[in-house]
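> Quick one: sequence and predicted model below, then my questions.
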Amino acid sequence: MKKQLLVAIMAIFSLGAFAQVNNNALGLRFGGGNFFGAEVSYQKGLSNINRLEADLGLYSYSNGSGFNIAGIYQWVWNIDGGFNWYAGPGAELGSWSYKSSVTDEGNAGFYLGIGGQVGIEYNFDEIPLNISVDTRPMIGLGNSYNPFNFGLALGVRYVF
């Protein structure tokens, strides 16, 4: 049983040798982080199977504002053609503030989150575009607005 499990794990990770990691990709990640709306997202390829992703989310509305910065190290595995899946550990930090328009009371905080990211993506051959759907579950430490964030998002990036 142990041999079969080891062979299965090695087979899964060997698929990564054929992944198509882009050198650079820049775009938006909609709905990510603490559900701030959109994040500016940058991916930097490190090898054929690894990359770094950095995301910056800013938000402002009538009752509050904040920011979110995330960094993730990712392994990328090819499924078929330009279709990949990826996963890796990450961390985020941010700040938020809120003031009620009804009671005029407010609250604010600064937080650090640790967790990871897992998702699927498609790289188009005809145009320099990458689309992805992923989740970035993070556990908030400190004065977090939300102690656990699921971080489901749709990413659209220009590849160069």
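All right, it came through fine.

> ok, which stretches of the protein are strands?
All strands of the chain, identified by DSSP state E, fall at 24-30, 38-45, 50-61, 64-80, 83-99, 106-123, 129-135, 138-142, 148-149, 153-159.

> averaging pLDDT over each of the ones you listed, which comes out lowest?
When those are ranked by mean pLDDT, strand 148-149 comes last with a mean of 78.

> Remind me what that one packs against, helices and strands.
Counting contacts by 3 or more CB pairs under 8 Å, 6 or more residues apart in numbering; DSSP states H and E, strand 148-149 is packed against strand 138-142. (C-beta placed from N, C-alpha, C; glycine too.)

> which strands and helices sit next to the strand it packs on?
If you count contacts as 3+ CB pairs under 8 Å, 6+ apart, strand 138-142 packs onto strand 83-99, strand 106-123, strand 148-149.

> Between the ones you listed, which one is closest to residue 137.
Closest of the helices and strands packed on strand 138-142 to residue 137 is strand 106-123, at 4.9 Å (criterion: CB to CB).

> And the closest one, what's buried?
Buried residues in strand 106-123, defined by neighbour count with 16 or more other CB atoms under 10 Å: 111, 113, 115, 116, 117, 119, 121, 123.

> Any idea how far it is from the middle of the chain?
Distance, stretch centre to chain centre, for strand 106-123: 7 Å (CA atoms, centre = their mean, to the nearest Å).

> could you give the angle of it to strand 50-61?
When axes from the mean of the first three to the mean of the last three CA atoms, to 10 degrees is applied, the directions of strand 106-123 and strand 50-61 differ by 140 degrees.

> Kindly spell out which helices and strands sit in contact with strand 106-123.
strand 64-80, strand 83-99, strand 129-135, strand 138-142, strand 153-159.

> what do you get if the cut-off is 6 Å, keeping everything else the same?
strand 83-99, strand 129-135, strand 138-142 (3 or more CB pairs under 6 Å, 6 or more residues apart in numbering; DSSP states H and E).

> Noted, bye for now.
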